[in-house]
Structures are given as C-alpha cells and as structure tokens.
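# What follows is a predicted protein model with its sequence.
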Amino acid sequence: MKKVDVVGAVIYNENNEILCALRAMNMSLGGLWEFPGGKIEPGESPEETLVREIQEELGCKIEVHDFIADTTHEYPNVIVRLMTYKSKIIEGIPVPTEHERLEWLPLEKLRSLDWAPADLPTINELEKQSLK
Ligand SMILES: Nc1nc2c([nH]c(=O)n2[C@H]2C[C@H](O)[C@@H](COP(=O)(O)OP(=O)(O)OP(=O)(O)O)O2)c(=O)[nH]1
C-alpha cells in the first residue's frame, strides 16, 4: 500500500487556542478536521515542510517549536505517518485557501470536532502534557 510521511502543525495563538482545519469535501478525508500541514518532499526536514505547507495553505509564516507525536495510521487506501509539532505564527493571519474552514479552539474543546483518525494520538499527547 502507498505510504506517505506527513507533518502537521499544532499552531497556538496568544490565548492558548489551537488552530483546527476542516478538510474540504473534495479532499481525501473530506469533512474531517486536521492539523494543517502536508507531505514531506525529498530533501526536506519536517520543520521545513511545515513552514512551506503553512505558507502555501494558510498564507502565513510559522516558527516550529516542540515535537509532539509520531504515529502511523492505516487508512483503507494509504498508510499515513503523521509527525506533529507545536508552532506559532510569526507573520500574517491564517486564511483558508484549501480548507473548508478554520477554528481556534482551546485544548479542552478539541474533541468536540470530528478528527482524522491519525490525529488522535497527538490530541492524547497534548492532553497528557496539560495534566503535568
Ligand atoms: N496535513 C495533514 N494531513 C493529514 C492529517 N491527518 C491525516 O490523516 N492526514 C492525511 C491526509 C492525507 O492523506 C495526508 C496528507 O496529505 P496532504 O495534506 O498533502 O493532503 P492532500 O489532500 O493534498 O493529499 P491526498 O490525500 O489527496 O493525496 O495525510 C493532518 O493532521 N494534517
């Protein structure tokens, strides 16, 4: 089966809210929420991929901080390895050019959304860290 390496940005704002992005119906996994990001291209570090993807998808510049989780999820037609990193916007305002919608939510409300299954270990890890 096809296997892709993907990175996702858990972007925090000054209110400690997290940017959640709704995949458009014309994308794979349409109608599910995700952390914005995308596939790692040859020669790129995960951090470089994130900076590039967020600029392309949301039109803003991020700074990549702590690593959160590295998980592999098997979908019916693709195996996704998702690595996630905490990030912060350092220039611009996110505009959904590819996503259906964006939402800033506090960690406690993340589970009110319907997430892409590969993202759940990242949410688990964030919850675990918030209890420390
Ligand atoms: N960007 C991103 N992708 C995710 C997440 N969770 C998750 O399962 N994915 C999946 C969806 C896609 O299959 C793949 C990321 O590819 P992509 O962001 O380049 O999406 P795409 O629609 O252009 O790609 P494709 O699936 O149509 O080939 O990883 C996530 O949190 N962020």
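Great, that's in hand. Numbering: from 1, shown residues only.

# list the contacts for the spatially most central residue of the chain?
With distances taken as CA atoms, centre = their mean, residue 35 lies nearest the centre of the chain, 1.8 Å away. Contacts here follow CB atoms under 8 Å, 6 or more residues apart in numbering; on that basis residue 35 touches 8, 9, 10, 11, 19, 20, 21, 84, 119, 122. (C-beta placed from N, C-alpha, C; glycine too.)

# The second one touches residue 49, doesn't it?
No: with contacts counted by CB atoms under 8 Å, residue 9 stays clear of residue 49, the gap being 9.7 Å.

# How about the contacts made by the closest residue in space to the residue nearest to the centre of the chain that isn't next to it in sequence?
Nearest non-adjacent residue to residue 35, counting by CB to CB, 6 or more residues apart in numbering: residue 8, 3.3 Å away. Listed by CB under 8 Å, 6+ apart, the contact partners of residue 8 are 34, 35, 36, 37, 50, 82, 83, 84, 85, 119, 122.

# let's see 6 Å
35, 37, 82, 84 (CB atoms under 6 Å, 6 or more residues apart in numbering).

# more crowded one of residue 9 and residue 49?
Neighbours were counted for residue 9 and for residue 49 using other CB atoms under 10 Å; residue 9 has more, 30 against 22.

# what's the spacing between stretch 122-132 and its chain's center?
15 Å (CA atoms, centre = their mean, to the nearest Å).

# How about residues contacting that stretch?
Against stretch 122-132 from outside (CB under 6 Å, 6+ apart): 68, 69, 84, 107, 110.

# tell me the contacts of residue 11?
Residue 11 neighbours (CB under 6 Å, 6+ apart): 19, 87.

# which phi and psi does it have?
phi -90, psi 120 (degrees, to the nearest 10).

# tell me which residues of the longest helix along the chain are tucked away?
The helix spanning the most residues in the chain, taking DSSP state H as the definition, is helix 46-58. Judged by neighbour count (16 or more other CB atoms under 10 Å), helix 46-58 contains these buried residues: 46, 47, 49, 50, 51, 52, 53, 54, 57, 58.

# and which of the residues you listed is nearest the ligand?
The shortest approach to the ligand among the buried residues of helix 46-58 belongs to residue 53, at 7.1 Å (CB to the nearest ligand atom).
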